[in-house]
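Peer 1: Here is my input; please provide its structure:
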Amino acid sequence: MASLGPNIGKVPELRRRIIITFLLLAVYRIGVFIPTPGIDAEALAGFFKAARGTILDFAAMFTGGALENFSVFALGIIPYISASIILQLLTVVIPHLEKLSKEGESGRRKITQYTRYFTVVLSAVQGLILSVGLENMRGPAGEPIVLEPGWSFRLMTIITLTSGTTFLMWLGEQITERGIGNGISLIIFAGIVARMPSAVNNTIRLVRSGEMSILFVMFLVILMIAVVAFIVYVEAGQRRIPIQYPKRVVGRKMVGGGVQHLPLKVNSAGVIPPIFASSMILFPSTVVNFIDIPFMKYIAENLLGPSGILYNVFYVVLIMFFAYFYTAIQFNPKDVADNLKKFGGFIPGIRPGQNTADYIDKVLSRLTLWGGLYLSAVCVLPSILITEFNAPFYFGGTALLIAVGVAMDTAQQIESHLLARSYEGLLKKGRIKGRYG
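Peer 2: Modelled structure (predicted):
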C-alpha cells in the first residue's frame, strides 16, 4: 500500500480513472448546494440546527449536508439502496427474479434495470412525503419553511428530488464503470468526509469559548483512532482453509501438488450491512421528524434517535440479518466445493463434494457471526458513548466504518490495477525475449 502513491502516475489508464472519479465526485458536491425552489433557507437551517444529535443529524451525514440545504440531492442515494435491498430480497421469493439472477450478465442487467425503475418510484413517494411534511414544519421563530405551500410546491419538489436521485444513481454507475472503486459507496464516503472540516471547526470554536474541555477533545481523538485501528485490523483478518491438490503426470513431468489456501474474510459483507441497515431505518425515522404529531415526534426523538434503545436494537438486528444475507448472495459454498472437486482439490480430513460444502458453510457461518457482531459493536457502541457525553457533532462508528472500509476497498482496487499492469509488462518482456532472445 505504501508504494501506491509514486506508482499511480506511471499508469495512464489508472491516472485517467482517478481523475474521472474526482471530477464526478466534484459534480456531486456542487449539486449538494443547489437548493430546491420554494424553501426559506434560513428557517430550514434553524430547524436543522435545533435537531443536532438527533436522527436528522445522522441523515444529514449520509446525504453529505444535502438534506440540511434541501438541495436537489436531498434524498441522496438512499432510495437506490432501498430499491437494491428490496429487489435482492424479492430475488429469493419471486421465481422470475431468481431465474434472472442465475442467467449471468444479461440477467444482472435486467435486475439492474428493474432497480432503476423502482428507485424512481421510491424517490417520487419519498419526495411527496417530505414536501407534505415540510409544509407543516416551522423554523425557530415560528416562521414557515415552505414559502408557498400547495400542490404546485409538492409537484415541483417531487420532480426535483426524483431527478436529483436519478442523476446520483447514474453518477454512481459512471464512477463504477469509468472511474475507480464502487460509485455508490464513494458518493456516501464523499458525503461523510465533506462534513469533517465543519465538525473540526465547530469543535475548535467550542474549545476556545470554554464550552468543551481539551481533555474531552483528546478523548474523542483517541477513541476515533482506536476505532479506525480496530476496523483496519478486523477488515484485514481472514480464516485460511488449507486446500490440498494432488500431483499429476503431464508428459514426462510431475506437476501440481502442494497446499494452497481458501481465504475467508472475517467480514465478508464489508460495509454493505451498515449501509443497508441505516437506509432501512433512516428514512422512516426522518419522515417522522417532519410530521407535526407530538406522539410521533416523541418516538423519533427518544426511541428512534441514534442513542435510542429501539433504534439500536433494530440497527443491530438488521446488521446481523444483512451480514448473513449479503454473504449468502456473494459466496456459495456448494459452487466452491464443486470447483474444488472438478480440479482435484480437497480439504484435508474432509470428503469432497457435499461434505466439503457443509464444512465451508459451517466455517463461513461462524465467521459471519463474528463479523456481524464486530459491525454491530463498531456502529452502535461509539454512538452511545459519545451521545452520553453530548458531543457537538454526530460521531458514530457507522461513519468511520464506511469511510475506512471504502478507502481500503478503493486502495485495493488501485493496487489490483497496478499489479495487473506489472504482469502485463512482464508478459510483454517475456514475448520480446522469446522472440529475439
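Peer 1: which residues sit in contact with I159?
Peer 2: Contacts for I159 (Cβ atoms under 8 Å, 6 or more residues apart in numbering) come out as G127. Just so you know, the C-beta spots here come from the backbone N, C-alpha and C atoms, and that holds for glycine as well.
Peer 1: tally of neighbours for K334?
Peer 2: 14 (other Cβ atoms under 10 Å).
Peer 1: Can you give me every residue that contacts it?
Peer 2: Going by Cβ under 8 Å, 6+ apart, the list of residues near K334 reads 354, 357.
Peer 1: Name the SS class of it, please.
Peer 2: In three-state terms, and counting by DSSP: H, G, I helix; E, B strand; the rest coil, K334 is helix.
Peer 1: swap in the one 10 residues further on?
Peer 2: Recorded secondary structure, G344: coil (three-state DSSP).
Peer 1: Can you give me the pLDDT of the residue nearest to it when sequence neighbours are not counted?
Peer 2: Counting by Cβ to Cβ, 6 or more residues apart in numbering, P246 is the residue found nearest to G344 once chain neighbours are left out, at 5.3 Å. The confidence metric pLDDT takes the value 74 at P246.
Peer 1: Next, count neighbours for P246.
Peer 2: Neighbour count of P246, defined by other Cβ under 10 Å: 11.
Peer 1: Am I right that A74 is in a strand?
Peer 2: No. With three-state DSSP as the criterion, A74 is coil rather than part of a strand.
Peer 1: Below-threshold pLDDT in the stretch 51-200 of the chain: ranges please.
Peer 2: For the stretch 51-200 of the chain, residues meeting the criterion pLDDT under 70 lie at 51-62, 139-140.
Peer 1: How are the helices of it distributed by residue range?
Peer 2: Using DSSP state H, counting those that start in this stretch, the helices of the stretch 51-200 of the chain run over 55-62, 66-69, 78-93, 95-101, 105-135, 151-178, 183-194, 196-209.
Peer 1: and the last one, which residues are buried?
Peer 2: I take that to be helix 196-209. Of the residues in helix 196-209, 203, 206 count as buried by neighbour count, 16 or more other Cβ atoms under 10 Å.
Peer 1: what helices or strands is it leaning on?
Peer 2: Packing partners of helix 196-209 (3 or more Cβ pairs under 8 Å, 6 or more residues apart in numbering; DSSP states H and E): helix 214-235.
Peer 1: Against which helices or strands is the helix it packs on packed?
Peer 2: Right, helix 214-235 is packed against helix 196-209, helix 354-388, helix 397-436 by 3+ Cβ pairs under 8 Å, 6+ apart.
Peer 1: Could you save the ones you listed as CSV and add columns showing distance to A43?
Peer 2: Compiled in CSV, these are given as follows (distance: least, Cβ to Cβ, whole Å):
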stretch, distance to A43
helix 196-209, 20
helix 354-388, 27
helix 397-436, 27
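Peer 1: Going along the chain, name the strands of the stretch 201-350 of the chain.
Peer 2: Secondary structure of the stretch 201-350 of the chain, counting by DSSP state E, counting those that start in this stretch: strands at 238-244, 247-250, 253-256, 259-265.
Peer 1: From the opening residue of stretch 204-219 to its closing one, how far?
Peer 2: The first residue of stretch 204-219 is 14 Å away from its last residue (Cα to Cα, to the nearest Å).
Peer 1: One more: stretch 32-39?
Peer 2: With Cα to Cα applied, stretch 32-39 spans 15 Å between its terminal residues.
Peer 1: wait, which of the helices and strands packed on helix 214-235 is closest to I81?
Peer 2: Nearest to I81 among these is helix 397-436; the distance by Cβ to Cβ comes to 12.0 Å.
Peer 1: what's the average pLDDT for that closest one?
Peer 2: Averaging pLDDT along helix 397-436 gives 68.
Peer 1: what's the offset of stretch 35-54 from the middle of its chain?
Peer 2: Remark: stretch 35-54 is offset 26 Å from the chain centroid, using Cα atoms, centre = their mean, to the nearest Å.
Peer 1: Could you do stretch 189-208 as well?
Peer 2: Distance of stretch 189-208 from its chain centroid, counting by Cα atoms, centre = their mean, is 21 Å.
Peer 1: and the closest residue in space to T162 that isn't next to it in sequence, what does it touch?
Peer 2: Using Cβ to Cβ, 6+ apart and skipping residues adjacent in sequence, the residue nearest T162 is S123, 4.2 Å away. The neighbours of S123, taking Cβ under 8 Å, 6+ apart as the test, are 75, 79, 161-162, 165-166.
Peer 1: what would those look like in JSON lines with distance to V316?
Peer 2: Supplementary listing: those in JSON lines, determined by distance: Cβ to Cβ, whole Å:
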{"residue": "L75", "distance to V316": "26"}
{"residue": "P79", "distance to V316": "24"}
{"residue": "L161", "distance to V316": "30"}
{"residue": "T162", "distance to V316": "32"}
{"residue": "T165", "distance to V316": "28"}
{"residue": "T166", "distance to V316": "32"}
